[in-house]
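K.L.:
give me coordinates for this.
(chains A and B)
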Amino acid sequence: SQTIHQWPATLVQPVGSPLSLECTVEGTSNPNLYWYRQAAGRGLQLLFYSVGIGQISSEVPQNLSASRPQDRQFILSSKKLLLSDSGFYLCAWSTGSTDTQYFGPGTRLTVL
Amino acid sequence: AQSVTQPDIHITVSEGASLELRCNYSYGATPYLFWYVQSPGQGLQLLLKYFSGDTLVQGIKGFEAEFKRSQSSFNLRKPSVHWSDAAEYFCAVGAGTALIFGKGTTLSVSS
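P.N.:
Numbering: from 1, shown residues only, chains lettered A, B, ... in the order given. Prediction:
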């Protein structure tokens, strides 16, 4: 069966520091991968998605970037965090663009 | 533009009472529709989905949803709510590459 992992589970970082969040999927090949951010009362906002290694599409221009160095690994990064980057970050995978998305446990990021 | 509206931000239901969470969508083509549930501090779990066929869809944990094209709605129902159903519920529409989510409805269950 397929499993999706995210780490760390929680992170507290100062403003201006770098960020790296990792997501890995097990039990499937060539998945579509997604990064969402969830802010209180605002639902889920799609940040990036990837249909293959090295293929990244950005939905919202911002302080963040994503990379997919391996088939089942998706990384969310920032060079300098802003206060507004605080939130709950969710990674998800699917087998195709219109298929069900399955979510990881999330990372709670607090920028102070 | 595609969008999902969940009109109720917060609903409180007595344990054992019935539940209906509303979802309206805006999408030009035949929609793929989903309901997810999120417990505090957790990821999202899929409750059910509609792709085509029977407009009444059964999901996990005793939930069901009915797709009504004429009303652009996909309301979630449960005949008898349990205290463990307290969570946040998200409706979503599949729009090309990604899902478009509503802002969620928080369900509280009173004893």
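K.L.:
skipping its backbone neighbours, what lies nearest residue B:96 in space?
P.N.:
Using CB to CB, 6 or more residues apart in numbering or on different chains and skipping the chain neighbours, the partner closest in space to residue B:96 is residue A:97 (6.5 Å). From N, CA and C alone the C-beta is placed, and that goes for glycine too.
K.L.:
count of neighbours near that neighbour?
P.N.:
Counted with other CB atoms under 10 Å in any protein chain shown, residues neighbouring residue A:97 total 13.
K.L.:
which SS class is it?
P.N.:
What DSSP: H, G, I helix; E, B strand; the rest coil gives for residue A:97 is coil.
K.L.:
got the contact list for it?
P.N.:
Contact analysis of residue A:97 by CB atoms under 8 Å, 6 or more residues apart in numbering or on different chains lists A:32, A:51, B:96, B:97.
K.L.:
then residue B:59?
P.N.:
With contact set as CB under 8 Å, 6+ apart, residue B:59 has these partners: B:35, B:46, B:47, B:48, B:49, B:65.
K.L.:
related to what we said a few turns ago, most neighbours among the contacts of residue A:97, please name it.
P.N.:
Highest neighbour count within these, by other CB under 10 Å: residue A:32, with 21 neighbours.
K.L.:
these two touch, right, that one and residue A:95?
P.N.:
Yes: contact criterion CB atoms under 8 Å: residue A:32 and residue A:95 qualify, at 7.3 Å.
K.L.:
how near is residue B:19 to residue B:60?
P.N.:
15 Å (CB to CB, to the nearest Å).
K.L.:
what does residue A:30 give?
P.N.:
27 Å.
K.L.:
show me the contacts for the spatially most central residue of chain A.
P.N.:
Nearest to the geometric centre of chain A sits residue A:35, at 3.1 Å (CA atoms, centre = their mean). Each residue near residue A:35 by CB under 8 Å, 6+ apart is listed here: A:23, A:46, A:47, A:48, A:49, A:66, A:74, A:76, A:89, A:90, A:91.
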